[in-house]
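**Q** Make a model of this:
(chains A, B, C and D)
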There are 2 protein chains.
Amino acid sequence: MPDRLSRNPSTSPAGAPAPGQRADARNNRARLLQAARDAYALDGTGVPSSAIARRAGVGAATLYRHFPTRDALISAAFSEQLGQCVAAVDEALNDDDPWRGLRTVLTEVCRMQAEDRGFSAAFLTAFPDAPDVQRERARAESRLARLVQRAKDTGQLRKDFDSSDITLLFLANNGVLRDSPAASMAASRRLLAYFLQSCRPTDDTPLPEPAPLRLDDLYRAPRRTG
Amino acid sequence: MPDRLSRNPSTSPAGAPAPGQRADARNNRARLLQAARDAYALDGTGVPSSAIARRAGVGAATLYRHFPTRDALISAAFSEQLGQCVAAVDEALNDDDPWRGLRTVLTEVCRMQAEDRGFSAAFLTAFPDAPDVQRERARAESRLARLVQRAKDTGQLRKDFDSSDITLLFLANNGVLRDSPAASMAASRRLLAYFLQSCRPTDDTPLPEPAPLRLDDLYRAPRRTG
DNA sequence: GGCTAAACGGTCGACCTCTTCCGTTTGTGC
DNA sequence: GCACAAACGGAAGAGGTCGACCGTTTAGCC
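**A** Take a look at the predicted model:
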């Protein structure tokens, strides 16, 4: 009796709610995802899976039946929010003012990170087994690059800005998140404000070499800050 | 046969090389500290203690005899580098140019973080059981505040800069560190450059409220980024 | 060189997390 | 309502780390 997820792991590794499944299964799946989001938002993605199952009111086996691996659960839990990010980039590309668009995207993503440490961690994690996540991320990244180029062309963004600086910001922003959501928000806002001020074009001292950071090849976010 | 460390845990929880101990003990202690520094620098403070003991060529029991708890080892391993930071602040206070002093301190600490993720993690960890670490940190913080004030007074630093922004920088910098030291260094330098540019006084848009961050009340740096 | 206590190292138990097994329950179509 | 397969949950196994015990070794001193 192979279940759906192990039968076709390639087509929907963390994918959509399967159509042919029983009502209780669909229901449990939804509650697991919600429990995961809640727990991750509160305490980060380090939360033990058993706690997620307990919070959802199901057994551990049920969790693993729906999400064969830890990463599958995490990427499924945050796929919606990842989609939001991509949508934000699309919206920004439609803005008449490239700088405003860019600034809005950065602000929005930083806010989402500060609101939900779990999302922040998921956002910066590679998920080598979730090709759809990787694909979406790659799409978002190439569009961001286009947005950056436009902002440079209009002279609103410094010429030595590099697309990798966006990743740099998101990593830095993840680093300033605290246990308390309020503290996270305050720190995030302040950091972003500093960053945005430096993004304006200037004939002042040039920046050092860009860091070799692409959202694509970020390693997994490790157990400790160290 | 109580050993030294458990006999007086309050006076030197992670303290200096005891004078009255045997040569082999002193030797092993030093090798443990070196092994810890090496391992932590490479892989962060998440490295299992058994690996440290193996690297030092001693048994696990020896490690625990010298350092009763995990945190004791970590704080002892990095106390020297913490001292370097305090010294850097002192030196900066002696600089004729407050801005140059401040910039040098920030550059130096960021560089140390990028060179050694273990130090970076230790630097941002509370260590409630290591009063000497806390004391030194508090001292450094108050001196930094003085330095900030001087730089503001000379008009070299924006008036709405807050001392907590230094903590913010160190946290952010910790967040951009990667597995590869070269990548960490590049990212750190770039981040610092952005930050420093925004620190100059400007009559431009003001910053949002400072984040409630003091080096003192940072929570422990958790196992995962999430 | 020999004695004594300090120091050592292998081993063992406790704890925690991830993952799987298997007997039982429950939803669904006839 | 009945039968069957899907889905469930409790419990157990595997892996790994922390920290302690205890018999053995070795440094320091006479």
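**Q** do you know how far the spatially most central residue of chain A is from residue A:74?
**A** With distances taken as C-alpha atoms, centre = their mean, the residue of chain A nearest its centroid is residue A:123 (2.2 Å). From residue A:123 over to residue A:74 the distance is 11 Å, taken as C-beta to C-beta, to the nearest Å. Quick note: C-beta positions are derived from backbone N, CA and C, even for glycine.
**Q** Over to residue A:60?
**A** 16 Å.
**Q** ditto for residue A:89
**A** If you go by C-beta to C-beta, the gap between residue A:89 and residue A:74 works out to 22 Å.
**Q** How is chain A divided into domains?
**A** By the assignment in automatic domain parsing, chain A contains the domains A:19-68, A:77-217.
**Q** will you turn those domains into CSV that also has mean pLDDT?
**A** Compiled in CSV, those are given as follows (pLDDT from 0 to 100):
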stretch, mean pLDDT
domain A:19-68, 94
domain A:77-217, 91
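**Q** So for residue A:60 and residue A:74, which sits in the more crowded spot?
**A** A count of neighbours by other C-beta atoms under 10 Å in any protein chain shown puts residue A:74 above the other of residue A:60 and residue A:74, at 26 against 13.
**Q** and the more buried one, what helix or strand is that in?
**A** Using DSSP states H and E, the element containing residue A:74 is helix A:70-94.
**Q** One more: residue A:149?
**A** helix A:131-153.
**Q** now what about that helix, what contacts it?
**A** For helix A:131-153, the external contacting residues (C-beta atoms under 8 Å, 6 or more residues apart in numbering or on different chains) are A:13-15, A:75, A:79, A:82-83, A:85-86, A:89-90, A:92-93, A:98-99, A:101-102, A:105, A:126-128, A:157-159, A:161, A:163, A:166, A:214-216.
**Q** give me that answer again for 7 Å
**A** The contact list for helix A:131-153 (C-beta atoms under 7 Å, 6 or more residues apart in numbering or on different chains) reads A:75, A:79, A:82, A:85-86, A:89-90, A:92-93, A:98-99, A:101-102, A:127, A:157, A:159, A:161, A:163, A:166, A:214-216.
**Q** just the buried members of those?
**A** By neighbour count, with 16 or more other C-beta atoms under 10 Å in any protein chain shown, those hold A:75, A:79, A:82, A:85-86, A:89, A:92-93, A:98-99, A:101-102, A:127, A:157, A:161, A:163, A:166, A:215 as buried.
**Q** returning to that earlier point: what would the helix holding residue A:149 look like as CSV? C-alpha coordinates only.
**A** These are the backbone C-alpha positions of helix A:131-153, laid out as CSV (Å, rounded to 0.1, in the frame of the first residue of the first chain):
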residue,chain,number,x,y,z
PRO,A,131,12.8,21.5,-7.5
ASP,A,132,9.6,23.6,-7.6
VAL,A,133,10.9,25.8,-4.8
GLN,A,134,14.2,26.1,-6.5
ARG,A,135,12.6,27.0,-9.8
GLU,A,136,10.4,29.7,-8.3
ARG,A,137,13.4,31.1,-6.5
ALA,A,138,15.5,31.2,-9.7
ARG,A,139,12.6,33.0,-11.5
ALA,A,140,12.3,35.6,-8.8
GLU,A,141,16.0,36.2,-8.8
SER,A,142,16.3,36.8,-12.5
ARG,A,143,13.4,39.3,-12.3
LEU,A,144,15.0,41.0,-9.4
ALA,A,145,18.1,41.4,-11.6
ARG,A,146,16.1,43.1,-14.3
LEU,A,147,14.5,45.4,-11.7
VAL,A,148,17.9,46.3,-10.4
GLN,A,149,19.2,47.1,-13.9
ARG,A,150,16.2,49.4,-14.6
ALA,A,151,16.8,51.2,-11.3
LYS,A,152,20.4,51.8,-12.3
ASP,A,153,19.4,53.0,-15.7
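**Q** now that helix and helix A:70-94, what's the angle there?
**A** 30 degrees (axes from the mean of the first three to the mean of the last three C-alpha atoms, to 10 degrees).
**Q** hang on, the earlier thing: would you mind listing the residues in contact with the residue nearest to the centre of chain A?
**A** So residue A:123 contacts A:82, A:113, A:170 (C-beta under 7 Å, 6+ apart).
**Q** ok, and which of the residues you listed reach DNA strand C?
**A** Among these, no residue sits close to DNA strand C (C-beta under 7 Å from any atom of the strand).
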